[in-house]
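Novice: After the sequence you'll find the predicted model.
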Amino acid sequence: MLYFRPFAVPRHPLLRLALAALGIALMFFVLMFGLVIGAVLMGLGALAWLIRQFTHGSSGARASVGAAPSSAATPGVIEGEYVVLPKRDGNAD
């Protein structure tokens with residue numbers, strides 16, 4: 001019977017133990033590396049958010065929340081221009 005084994009397990013028990021320990025250590029290293037990278041990215045994101053909060057303060061959208069709505073700007077309404085396109089079959093209903 002023919003079969004393909006990309007990596008043959010060695011017969012010596014100490015070599016098997018060494019390879020198993022190396023594999024576990026490699027998995028642990030990859031896990032820790034990923035956790036450190038994730039923590040750094042979350043920290044940078046939090047730092048950027050804090051800087052944005054302190055530099056922009058209460059300007060922009062937050063300042064207009066307490067303001068009385070004008071007749072042109074009703075809450076929940078997005079104003080804009082649009083064009084009705086014809087349907088693909090050519091009928092413009």
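Specialist: That came in fine, so what should we check first?
Novice: any low-confidence regions in the chain?
Specialist: 1, 57-73, 90-93 (pLDDT under 70).
Novice: can you give me the helices in the protein?
Specialist: For the chain, helices defined by DSSP state H occupy the ranges 13-56.
Novice: do you know how far Ala39 is from Ala20?
Specialist: Using CB to CB, to the nearest Å, we find Ala39 at a distance of 29 Å from Ala20. In this view, the C-beta of every residue, glycine as well, is placed from N, C-alpha and C.
Novice: How about Leu41?
Specialist: Per CB to CB, Leu41 is found 32 Å from Ala20.
Novice: Arg5 too?
Specialist: For Arg5 relative to Ala20 (CB to CB), the value is 17 Å.
Novice: neighbour count winner among those two?
Specialist: Set Arg5 next to Ala20 and count neighbours by other CB atoms under 10 Å: Ala20 wins out with 11 against 6.
Novice: So that one versus Phe28, what's the distance?
Specialist: With CB to CB as the criterion, Ala20 and Phe28 are 13 Å apart.
Novice: ok, now Ala48?
Specialist: In this view, Ala48 and Phe28 are 31 Å apart by CB to CB.
Novice: Good, we can wrap up now.
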